[in-house]
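Engineer: Sequence and predicted structure are below.
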Amino acid sequence: MNIHETGYPLMAMAPNVITPATLGLDQDAPLEALMQAGASHLWLHASPIQTLVTQADRRILVEGRGCRVTDAQGHTYLDALSGQWLVNVGHGRAEIAEAMARQAKALAYGNASRAATLPAIQLAAVLAHLTPGDLSTVFFSSGGSEAVESALKIARQYHALRGEPERYKVIARRGSYHGATYGAMSASGSRSGVDSYFGPLLSGTLSVSAPYCYRCDYRKTYPECDVYCVDAIEDLLRYESPNTVAAVIAEPVSAACGIVVPPAEYLPRLREICDRHGVLLILDEVITGFGRTGKMFASEHWDVVPDIMTLAKGLSSGYAPIAATVCRQPIADIFGGANGKAIGHLLTFGGQPVACAAALANLDILQRENLVRNAEQQGAYLLSRLHDLASRHPSVGDVRGLGLLCALELVTDRRTQQPFPVDGPEIHYLLEKLAELGVLTRAEGNLYLAPPLCIERHEIDELTGIVDTALSHFEEAHSYL
């Protein structure tokens, strides 16, 4: 019997093998054929069927380098959203691909509950040292939704093992987004488009208003308000009875709300409130982690250590699907010891070694090239350029940001702060104009600008120049001028 160099026996090629080439979909296939195949067979997330051929803002991306991506038609764009808030080290990093290939050749998979792999151990140790305080025990999963789902289950089981099974409620902030799995979706504070399809959501998921000073639900003004929005969390805790609440979950900077940066007192007081009532604090750093805000983790801006931190996106910069739920030592200790109870939770791809190898290579780049510092410096410059730009554009009601996580809030009238419809034709017009000028991003009433952390000053000048031009077209088309 003939043997491959890998040690596997040679097999005869099976007849009628289906491959992209046999379907006429190899890399040299006509664009029209690829678009139609995608429309017929690929269901893009959060999109209608056949979106590729029915909506102008969908495209096939084929290459990326640094802060730029290229589509199948040869058009190149500045990626102003880092893919989906995650390509922190930039596109086209060969060293990450090479690290993944080496690991896949050595070992592509190990049983997540019965055996450890070297990359998973290494990555867990690196994260334990990078994360603040005594966050030290890492549970791996595949994406941000799973990381949050894991955090919620850990919190529930933690209280049950301590003899408080009645602690099952979770408090979030309105407008927040923590994921699309059922528990994470239920614990989010975004109800639009959810209740009509998936309600009723999980019981015991509550929400209060976010620290959204531009549109304060309490009709108050900072600092005279004394940050009432955080006291409202304690009011809700007392109303619900603190011994029924398992956790409060919050993004340090809420992307879903429109890059809402909280007042300086907010997170430290939230930490105190949770401690006072024996409630776990979960900080969702899926978007804000790994340098995005100019610190390795956004919570470090306020010197707050959560009980549980959820991580994803920038953990691998999108080169592989991986996420992590990191717990403080006292939380993990409940599951250990001679009488330790196994966590009632497992995921097939948790700690997948190729994904861990990608994350390790990504974190090495992030630290070696000092991209966190670059995010701080370039983010400050970006924010200053956006403030200057806003002074010339009546469609900009507010400018917000921290590091390379920024947004312009768009309004029909600055005086009334009247917003545009989230999915209205005005927003689509602006996005199409930006793409025409060479920028890809996202807008839903807020125009988001969160480029890769490797961006340079001249690219920020290019980006803000295009935004300036696009807003001028937008305002002229919608009778601002």
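Structural biologist: Cool, got the structure.
Engineer: going forward, measure contacts between C-alpha atoms and count neighbours the same way
Structural biologist: OK.
Engineer: Return the helix or strand in this protein with minimum mean pLDDT.
Structural biologist: Using mean pLDDT, DSSP states H and E, helix 195-198 stands out as the lowest-scoring helix or strand of the chain, at a mean of 75.
Engineer: count of residues packed around G110?
Structural biologist: By the measure other CA atoms under 10 Å, the count of residues near G110 is 18.
Engineer: How about the secondary structure of it?
Structural biologist: Secondary structure for G110, judged by DSSP: H, G, I helix; E, B strand; the rest coil, is coil.
Engineer: which ones are touching it?
Structural biologist: Counting by CA atoms under 8 Å, 6 or more residues apart in numbering, G110 makes contact with A116, T117, Q352, P353.
Engineer: I'd say the third one and L123 touch.
Structural biologist: Just to be clear, that refers to Q352. No. Assessed by CA atoms under 8 Å, Q352 is found out of contact with L123, at 11.0 Å.
Engineer: returning to that earlier point: and the contacts of G110 as CSV, adding pLDDT and neighbour count?
Structural biologist: Output for those, formatted as CSV (pLDDT from 0 to 100; neighbours: other CA atoms under 10 Å):
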residue, pLDDT, neighbour count
A116, 93, 15
T117, 96, 17
Q352, 96, 25
P353, 97, 26
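Engineer: Helices - which of those land there?
Structural biologist: With DSSP state H as the criterion, helices contain P353 from among the contacts of G110.
Engineer: ok, of the contacts of G110, which one's closest to E409?
Structural biologist: Q352 (39.1 Å; CA to CA).
Engineer: so who does the closest one touch?
Structural biologist: Neighbours of Q352 in contact, by CA under 8 Å, 6+ apart: A108, Y109, G110, A112, A120, I322.
Engineer: where does the stretch 1-150 of the chain dip in pLDDT?
Structural biologist: Applying pLDDT under 70 to the stretch 1-150 of the chain flags residues 1-14.
Engineer: show me where it has helices.
Structural biologist: 31-41, 51-54, 82-85, 94-106, 118-130, 144-161 (DSSP state H, counting those that start in this stretch).
Engineer: Of all those, which one comes closest to L434?
Structural biologist: Between the helices of the stretch 1-150 of the chain, helix 82-85 lies closest to L434; by CA to CA that is 15.4 Å.
Engineer: send the alpha carbons of that closest one over as CSV?
Structural biologist: The C-alpha atoms that make up helix 82-85 are tabulated as CSV, following Å, rounded to 0.1, in the frame of the first residue of the first chain:
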residue,chain,number,x,y,z
SER,A,82,-12.3,47.5,11.8
GLY,A,83,-14.6,45.0,10.1
GLN,A,84,-17.1,44.8,13.0
TRP,A,85,-15.1,46.6,15.8
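Engineer: hang on, isn't V261 packed against R400?
Structural biologist: Yes. Using CA under 8 Å, V261 is in contact with R400, at 7.2 Å.
Engineer: out of the two, which sits in the busier spot?
Structural biologist: Neighbour count, other CA under 10 Å: between V261 and R400, V261 has more, with 22 against 19.
Engineer: wait, what's in contact with that one?
Structural biologist: P211, Y212, P252, V253, S254, R400, G401, L402.
Engineer: Most neighbours among the contacts of Q352, which one?
Structural biologist: The most crowded member of these is I322, carrying 29 neighbours; neighbours defined as other CA under 10 Å.
Engineer: Quickly note the distance from S136 to A128.
Structural biologist: Distance of S136 to A128, given as CA to CA, to the nearest Å: 4 Å.
Engineer: which neighbours do those two share?
Structural biologist: Contact criterion CA under 8 Å, 6+ apart; residues shared by S136 and A128: V326.
Engineer: Secondary structure element holding I249?
Structural biologist: According to DSSP states H and E, I249 maps onto strand 245-250.
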